[in-house]
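*Asks:* Predicted model follows, preceded by the sequence.
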Amino acid sequence: MLAAVVTTAQGLLLDERGSLLKLATTASVLVILLVASACGKHADLDSDAAVAPVAHGVVRGHIRLSGVAPANETIRMNADPMCAKAAAGAHVTDDAVIAAPDGSLANVLVELVGAFPDTPVPAEPVVIDQRGCLYGPRVVGLRAGQTLQVRNSDDWLHNVHGVSTDRDSFNVSQPASGMVNTFRPHDPGILRLKCDVHTWMVAFVGVVNHPYFAVTAADGAFALRNVPVGTYEVRAWHERLGTTTSQVRVDSDREANVEMKF
């Protein structure tokens with residue numbers, strides 16, 4: 001387009017008005033060249049901004065129980081002869097609260113609160129197994145829209161009853177070993193799994209609409225990686241102890257540390 005403008009200007013130089021027209025046309029061409037150059041530089045800046053990488057950091061934390069942990073109830077496996085056989089006489093407890101001697105707390109769902117750029121939902125499923133008349137793991141997290149698989153490794157009847165919103169609730173029977181049912185929760189929040197046949201069987205699925213979440217291990221620790229730079233609320237949820245929050249500032253290529261207590 002710029003070449004066409006220059007060619008047209010050169011044609012105008014042949015006009016009978018001579019040098020005055022030549023001077024005016026030359027000035028116009030210079031203005032066009034300057035504007036085109038400025039626009040090109042502006043476009044380059046916009047292009048650079050579009051491909052500029054987003055700065056990220058890491059959030060590491062620790063969840064602790066302050067005070068004495070509440071006692072976990074004993075599960076009476078003899079309510080079902082098959083469950084009693086699987087327990088083989090062992091004392092089995094409903095491990096709602098698992099705390100180390102120093103208070104380090106397991107099975108806490110930790111997530112950041114805020115708006116984040118869209119990222120792909122993992123293709124691999126999150127798996128919960130029914131084995132020995134217990135769910136395991138007891139607490140998991142997954143992305144909204146990610147696949148949840150629940151399988152039965154016991155050679156007797158269980159049912160998988162998911163309690164959440166109307167859209168994410170379900171209730172299916174698994175009467176034999178090796179059966180697997182697949183679900184795809186969409187609504188953020190806590191999806192509770194239970195077995196109506198064995199009422200002590202429970203598990204909890206934290207459904208999160210971004211990838212910045214984790215479940216604490218036995219040492220109470222968690223890590224959230226590749227978090228965009230910013231200031232966020234950290235929310236920790238426990239099935240019996242409730243919810244607690246904290247604040248964290250994430251800086252580029254650095255680790256932010258959070259200590260939280262129930």
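*Replies:* Looks like it arrived, so ask away.

*Asks:* so who does the closest residue in space to residue 180 that isn't next to it in sequence touch?
*Replies:* What sits nearest to residue 180 in space, not counting adjacent residues and going by C-beta to C-beta, 6 or more residues apart in numbering, is residue 151, at 4.4 Å. For glycine as for every other residue, the C-beta is placed from the backbone atoms N, C-alpha and C. Shown in contact with residue 151 (C-beta atoms under 8 Å, 6 or more residues apart in numbering): 127, 128, 129, 130, 174, 178, 179, 180, 181.

*Asks:* Max pairwise distance over the residues you listed: which two?
*Replies:* Greatest spatial distance in these: 128 and 178, 14.9 Å, computed using C-beta to C-beta.

*Asks:* So for those two, which residue has more residues nearby?
*Replies:* residue 128 (20 against 10; other C-beta atoms under 10 Å).

*Asks:* Need the three-state assignment for the spatially closest residue to residue 135 that is not a sequence neighbour.
*Replies:* Of all residues not flanking residue 135 in the chain, residue 203 sits nearest, at 3.7 Å (C-beta to C-beta, 6+ apart). Under DSSP: H, G, I helix; E, B strand; the rest coil, residue 203 falls in the strand class.

*Asks:* Please name the residues that touch residue 203.
*Replies:* Contacts for residue 203 (C-beta under 8 Å, 6+ apart) come out as 128, 135, 136, 137, 138, 139, 140, 192, 193.

*Asks:* how near is it to residue 107?
*Replies:* Distance of residue 203 to residue 107, given as C-beta to C-beta, to the nearest Å: 10 Å.

*Asks:* shared neighbours of these two, which are they?
*Replies:* With C-beta under 8 Å, 6+ apart, residue 203 and residue 107 have common neighbours 137, 138, 139.

*Asks:* What subset of the residues you listed is buried?
*Replies:* 138, 139 (16 or more other C-beta atoms under 10 Å).

*Asks:* With secondary structure as extra columns, can I get the shared contacts of residue 203 and residue 107 in TSV?
*Replies:* Shown next, in TSV, are these (three-state DSSP):
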residue	secondary structure
137	coil
138	coil
139	strand
